[in-house]
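Trainee: sequence and predicted model, in that order:
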Amino acid sequence: MQAAVWYRARDLRVESVAIPHIEEPHQVKVKVAACGICGSDLHEYSAGPIFIPVDEPHPLSQQRAPIIMGHEFAGEVVEVGERVTRVKPGDRVAIEPILSPHRDGSYLMERYNLTPLLGFHGLSGGGGGFSEYTVVGEHMVHRMPDALSYEQGALVEPAAVGLHAVRQSSLKAGDSAVVFGAGPIGLMVIESLKAAGAADIYAVELSAVRRQKATDLGATALDPQEGDVVARIHDLTRGGTDFAFEVTGIPAVLNQAINSTHAGGETVVVSIWETQAAFQPNDLVIKERTMKGIIAYRHVYPAVMALMEQGYYRAEDLITARIPLDDIVEKGFETLLNDKSQVKIIVQP
């Protein structure tokens with residue numbers, strides 16, 4: 001079969017690999033129907049390795065680079081292990097790609113995304129969604145409602161990041177929030193804020209196309225190139241927002257996010273970072289602000305799919321291109337690096 005294999009930064013190759021087979025009783029073989037290119041994938045392609053194991057095999061997958069990429073995906077179950085009970089061949093499933101200790105078809109930790117062994121199927125070995133077939137554990141598959149397309153299924157993973165970020169915040173219905181970065185995850189955070197009942201949502205984004213996407217989803221979009229964006233937020237909100245969500249991974253933006261909130265406000269850092277970021281601790285201390293980070297998600301896939309059935313996280317609002325696997329480098333990764341009007345590109349193996 002064909003698969004996109006990461007060898008090193010800027011070296012992603014579409015090549016023939018062996019079709020994977022079920023080797024354990026709680027495994028599920030999936031024929032991939034749609035797989036999104038994630039911001040984390042982009043980081044690995046442009047400046048990795050970050051999650052990709054290079055020097056030593058990942059302790060759970062027992063693999064290291066070169067590895068097959070792709071972790072935002074959905075597909076059809078084509079084979080199951082002898083002890084699988086949650087799905088059967090023919091079922092349509094969205095994949096929760098977190099690698100965390102598991103046994104008998106279940107994660108072992110309640111907060112399984114916080115394991116020190118954290119990895120991701122499609123980033124840390126074990127196969128991936130940028131391929132025709134892949135094998136995952138039973139604990140990683142979620143049956144999709146009939147109303148959801150495979151493309152919607154591929155959006156469950158990034159939507160789960162946005163929903164987890166909002167659920168881990170202290171936000172209550174009627175609060176205000178600003179999202180820095182209106183790329184795929186930023187837009188998912190906006191949708192999650194709407195679902196959580198945020199009254200006023202602002203989005204700060206350089207790209208005019210992405211600002212329009214944020215506006216279409218109900219946010220007030222601001223161009224950070226037009227003056228002091230923090231001052232503008234304070235003017236619009238009469239003193240700052242209740243919450244800020246940082247979704248860019250840019251050090252200067254972290255400072256903007258912190259200072260866009262009022263005294264006692266909260267900043268949630270959603271980004272994966274390629275470099276260190278400095279900030280003035282007094283911006284937290286003197287204003288009694290708080291800052292917290294989130295990684296991935298846990299226990300939210302069913303909630304995401306239920307919200308999708310209600311009209312949230314719509315594929316037509318987020319997907320800007322669909323490409324075959326053979327075009328993943330030039331029309332996928334390189335396009336996303338150079339064209340910020342793109343939001344979510346779906347690869348169809």
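Mentor: Here it is on my side, so go on.
Trainee: what values do phi and psi take at the residue nearest to residue 1 when sequence neighbours are not counted?
Mentor: Among residues not flanking residue 1 along the chain, residue 132 sits closest, at 4.0 Å (Cβ to Cβ, 6 or more residues apart in numbering). C-betas here are computed from N, CA, C, even on glycine. Here is the backbone geometry of residue 132 (degrees, to the nearest 10): phi -80, psi -40.
Trainee: how about residue 38?
Mentor: Torsion angles, degrees, to the nearest 10, at residue 38: phi -100, psi 160.
Trainee: what about this protein, any weak spots by pLDDT?
Mentor: Within the chain, no range satisfies pLDDT under 70.
Trainee: can you pull out the helices in it?
Mentor: Secondary structure of the chain (DSSP state H): helices located at 39-47, 150-168, 184-196, 208-216, 229-237, 251-260, 282-285, 301-309, 315-318, 334-338.
Trainee: next, format those as CSV and append distance to residue 96 and mean neighbour count.
Mentor: Below are the helices of the chain laid out as CSV (distance: least, Cβ to Cβ, whole Å; neighbours: other Cβ atoms under 10 Å):
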stretch, distance to residue 96, mean neighbour count
helix 39-47, 15, 21
helix 150-168, 7, 25
helix 184-196, 15, 26
helix 208-216, 26, 17
helix 229-237, 35, 17
helix 251-260, 28, 21
helix 282-285, 33, 12
helix 301-309, 5, 19
helix 315-318, 19, 16
helix 334-338, 23, 16
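Trainee: tabulate the ones you listed in CSV, adding columns for distance to residue 74.
Mentor: Formatted as CSV, these follow (distance: least, Cβ to Cβ, whole Å):
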stretch, distance to residue 74
helix 39-47, 16
helix 150-168, 3
helix 184-196, 16
helix 208-216, 22
helix 229-237, 36
helix 251-260, 31
helix 282-285, 40
helix 301-309, 10
helix 315-318, 11
helix 334-338, 20
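Trainee: quick check: the gap between residue 68 and residue 266.
Mentor: 38 Å (Cβ to Cβ, to the nearest Å).
Trainee: so which of the two has more stuff around it?
Mentor: Ranked by neighbour count (other Cβ atoms under 10 Å), residue 68 and residue 266 place residue 68 first, with 23 against 20.
Trainee: touching, that one and residue 132? I think so.
Mentor: No. If you go by Cβ atoms under 8 Å, residue 68 and residue 132 don't touch, sitting 10.5 Å apart.
Trainee: list the residues that contact both of the two?
Mentor: By Cβ atoms under 8 Å, 6 or more residues apart in numbering, residue 68 and residue 132 have these common neighbours: residue 3.
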